[in-house]
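J.: Fold the following, please.
(4 chains)
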There are 2 protein chains.
Amino acid sequence: MAATVTVTERAPTVAEEAWRLVFQLAKAKHAVLSARLAELDLTHVQAHALRLLEPERPLVMSELADALYCHASNVTGIVDRLESRGLVERRPGLGDRRVKTLALTDAGTAVRARVVELMNEPPAEIAGLSAGDQRALRDVLGRALGG
Amino acid sequence: MAATVTVTERAPTVAEEAWRLVFQLAKAKHAVLSARLAELDLTHVQAHALRLLEPERPLVMSELADALYCHASNVTGIVDRLESRGLVERRPGLGDRRVKTLALTDAGTAVRARVVELMNEPPAEIAGLSAGDQRALRDVLGRALGG
DNA sequence: CCTCTATCGTTGAGCTTGTCAAGCATCTAC
DNA sequence: GTAGATGCTTGACAAGCTCAACGATAGAGG
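T.: Residues are numbered from 1 along each chain as shown, chains lettered A, B, ... in the order given. Presented below is the predicted three-dimensional model:
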């Protein structure tokens, strides 16, 4: 008798099933978002940087690096590209002349508004749920994330 | 009187709140996963490629490119690096000598098992929910994703 | 058989993102 | 004032990604 490779995979737990679906949903939204950002000629990191730069609360290079979970040397290049497109300005820090304050230009503010809109827009899978399911989803996830 | 910039932001809908939480959860898991994959000296793309290469169902380069949503020329490099580490083998296609079949080595099968385990593991936020909340989450998301 | 075209994978150029080590300017503490 | 810490930039290098072009092979039609 030929040996049959039997993969003894235990049945997934409820938590694993739930996580798999969350993962799938995030992946679907990611794909849609990528396409929309490409139309704006923005990469994901550039979009995240713009989202973090709220018009009324400018950030400093190092703060942006922390928020993006990457090294300061990386932010230099990201901001370089945003600045060369006229979306962001580097301004001298007020008290400390070493720091650079990042401010959105008018064009940057407009692009940021569009980016935030795209990112906040729930994917069709969620928008299509019943009102009750939407509330249930929000409430359960609120509890999950310490809400 | 000084002009006050009043940002008239409408209150978020329930769907938007739910999506924001899904996004937040995925981001948290992503950070944890990145750290675990770094311990295995794997990038995210390499991990995804390994996950897609099921031991019993080898893929062809173009199939892997489709599954990873990227160009075939990119997959060449990704597979190069996996192959140079002895995790994957390129084998000549059976009928068609143009295609390359990708097969996991024994080492690759072991690493893949660990990768799949890490990716499937629900984040602490979900694992910590009550059994009822976990079921509710799974059921609602199942409906959202055409379940 | 032979050519024409389509397909599969690779290569090379060029970009963005990411890390690290080093450097420059500036600030702070002693 | 001098020494060390801090903020950002630079340069070198690697991975991921796209595109255009290429070699090899396959399949169809004359």
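J.: near DNA strand C at all, the lengthiest helix in chain A?
T.: The longest helix of chain A (DSSP state H) is helix A:14-39. No - Helix A:14-39 lies apart from DNA strand C when judged by CB under 7 Å from any atom of the strand; the minimum separation is 10.0 Å. Quick note: C-beta positions are derived from backbone N, CA and C, even for glycine.
J.: Briefly note if whichever helix or strand comes after that helix comes near DNA strand C.
T.: Remark: after helix A:14-39, the chain's next helix or strand is helix A:44-52, criterion DSSP states H and E. Yes - on the criterion CB under 7 Å from any atom of the strand, helix A:44-52 is in touch with DNA strand C at A:V45, A:Q46.
J.: Grab the nearest non-local neighbour of the residue nearest in space to the middle of chain A.
T.: For chain A, the residue nearest the mean C-alpha position is A:H48 (5.3 Å; CA atoms, centre = their mean). For A:H48, ignoring the flanking residues on the chain, the nearest one in space by CB to CB, 6 or more residues apart in numbering or on different chains is A:L68 at 6.2 Å.
J.: Quick check: that neighbour touching A:A47?
T.: No - assessed by CB atoms under 8 Å, A:L68 is found out of contact with A:A47, at 11.1 Å.
J.: who has more neighbours, these two?
T.: More neighbours surround A:A47 than the other of A:L68 and A:A47, with 22 against 15 (other CB atoms under 10 Å in any protein chain shown).
J.: Any buried residues in the longest helix of chain A, and which?
T.: For helix A:14-39, the neighbour count (16 or more other CB atoms under 10 Å in any protein chain shown) marks A:14-23, A:25-26, A:29, A:33, A:36-37 as buried.
J.: Can you narrow those down to the ones near chain B?
T.: Restricting these to those near chain B by CB under 8 Å from any CB of the partner chain leaves A:14-23, A:25-26, A:29.
J.: would a markdown table of those residues with distance to A:P55 be doable?
T.: Shown next, in a markdown table, are those (distance: CB to CB, whole Å):
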| residue | distance to A:P55 |
| --- | --- |
| A:V14 | 43 |
| A:A15 | 40 |
| A:E16 | 42 |
| A:E17 | 41 |
| A:A18 | 37 |
| A:W19 | 36 |
| A:R20 | 38 |
| A:L21 | 36 |
| A:V22 | 32 |
| A:F23 | 33 |
| A:L25 | 30 |
| A:A26 | 28 |
| A:K29 | 25 |
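J.: farthest pair in these?
T.: Largest separation among those by CB to CB: A:V14 and A:K29, giving 23.0 Å.
J.: Show me what the helix or strand that contains A:A136 is packed up against.
T.: Assigned by DSSP H and E, A:A136 belongs to helix A:131-144. Counting contacts by 3 or more CB pairs under 8 Å, 6 or more residues apart in numbering or on different chains; DSSP states H and E, helix A:131-144 is packed against helix B:14-39, helix B:131-144.
J.: shaky segments in chain A?
T.: A:1-8 (pLDDT under 70).
J.: who in chain A is up against DNA strand C?
T.: Contact residues (CB under 7 Å from any atom of the strand) of chain A with DNA strand C: A:43, A:45-46, A:68-71, A:73-74, A:77-78, A:81, A:95-98.
J.: how does it look with 6 Å?
T.: A:43, A:45-46, A:70-71, A:73-74, A:77-78, A:81, A:96-98 (CB under 6 Å from any atom of the strand).
J.: Sweet, I'm off.
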